[in-house]
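Q: The following block contains a protein sequence and its predicted model.
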Amino acid sequence: MAFYAESSSHFGGAIFLYKPQSTDGLVHPIWQVRLKLPGRAGYVIKSCKTKLYEEAYSFAKDEYLALQHKVKEGIPLKDWTFNQHWWDWYERQLQKGCWSEARKKWHLNYYNCYFSAYFGDSPLMEISGNLAQGYWEWRVKYWTSAPGKKLVVYNPKRRGAKSRTTLNAKSVPSARTLQMEQSALNQIFEDACQQRRMPYLKLKAPKSRKETRRPADLRPAISSRFG
């Protein structure tokens, strides 16, 4: 059982700052905060990551106001990463039972090989338009990059065999392939927007390799609104 060596309550108890103390008297030097949000059961507990009370209070107040805004706007409190959302989205699509076996494998293969490799654990709220559009340049060069070359070494017969590891991939993806990936990614991002996990974002695949070499020309594909 833990006790509080020091504690301070604010906003009618909505913010409770404390330093935990164990039964043997050991005091944790870092301030913790327990937040009680209106209309929600339970607490949100976070580390303030500081030994200074003034800094802890400032952190706690900012966190409380930010979470309070999310509750008011109906935005989930959890910050979802691309990987977390993709699996949540994929499982929901499987439950609908609308995909063929081939379509299930396509989504899973492209996620494992490309989507997760590029977006991975990036928080959805931090995926900017330019970052997202940068996927195309990365994708076109993938099989000549270090990760792609490693897979070719792993499967030297890639060009002549359909391999689950390398998706029987061409060294340069066709425009049709990029269009298919565009459609899949836009479905994922649109769903994330509908789930209020990120602002609206829509990608546009390049029509030629030349378009992927001009990152300075990229226009933000992200809007401040939620769907």
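A: That came through fine.
Q: where exactly do the helices run in the chain?
A: Here the chain has its helices, by DSSP state H, at 53-73, 82-96, 101-110, 116-118, 129-140, 146-154, 175-194.
Q: Out of the ones you listed, the one nearest residue 19 is which?
A: Across the helices of the chain, residue 19 has its closest neighbour in helix 53-73 (9.1 Å, Cβ to Cβ). All C-beta atoms are positioned from the backbone trio N, CA, C, and that covers glycine.
Q: Residues contacting the closest one, please?
A: 6, 8, 10-11, 14-15, 17, 31, 33, 35, 37-40, 44, 46, 48-50, 75-77, 196, 226 (Cβ atoms under 8 Å, 6 or more residues apart in numbering).
Q: in that helix, what's buried?
A: Residues 56-57, 59-60, 63-64, 67, 70 are the ones in helix 53-73 that count as buried (16 or more other Cβ atoms under 10 Å).
Q: pLDDT below threshold where in this structure?
A: For the chain, the stretches with pLDDT under 70 are 1-2, 146-170, 208-227.
Q: if you set the cut-off to 50 instead, what comes out?
A: Scanning the chain for pLDDT under 50 picks out 1, 152-166, 214-225.
Q: and the most centrally placed residue in it, what is it in contact with?
A: Note on the chain: the residue nearest the mean C-alpha position is residue 81, at 2.0 Å, using Cα atoms, centre = their mean. Contacts here follow Cβ under 8 Å, 6+ apart; on that basis residue 81 touches 120-124.
Q: again with residue 105
A: Residue 105 neighbours (Cβ under 8 Å, 6+ apart): none.
Q: same question, residue 205
A: Here residue 205 is in contact with 136, 175, 178-179, 181-182 (Cβ under 8 Å, 6+ apart).
Q: Of these, just the buried ones, PyMOL syntax please.
A: Only the buried entries of the contacts of residue 205 go into this PyMOL selection, using 16+ other Cβ under 10 Å:
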select buried, resi 136+178+181+182
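Q: Report the distance from stretch 46-61 to the chain centre.
A: 26 Å (Cα atoms, centre = their mean, to the nearest Å).
Q: hmm, back to that, any chance of the buried residues of helix 53-73 in JSON lines with distance to residue 98 as columns?
A: Formatted as JSON lines, the buried residues of helix 53-73 follow (distance: Cβ to Cβ, whole Å):
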{"residue": "56", "distance to residue 98": "50"}
{"residue": "57", "distance to residue 98": "51"}
{"residue": "59", "distance to residue 98": "45"}
{"residue": "60", "distance to residue 98": "45"}
{"residue": "63", "distance to residue 98": "40"}
{"residue": "64", "distance to residue 98": "42"}
{"residue": "67", "distance to residue 98": "36"}
{"residue": "70", "distance to residue 98": "32"}
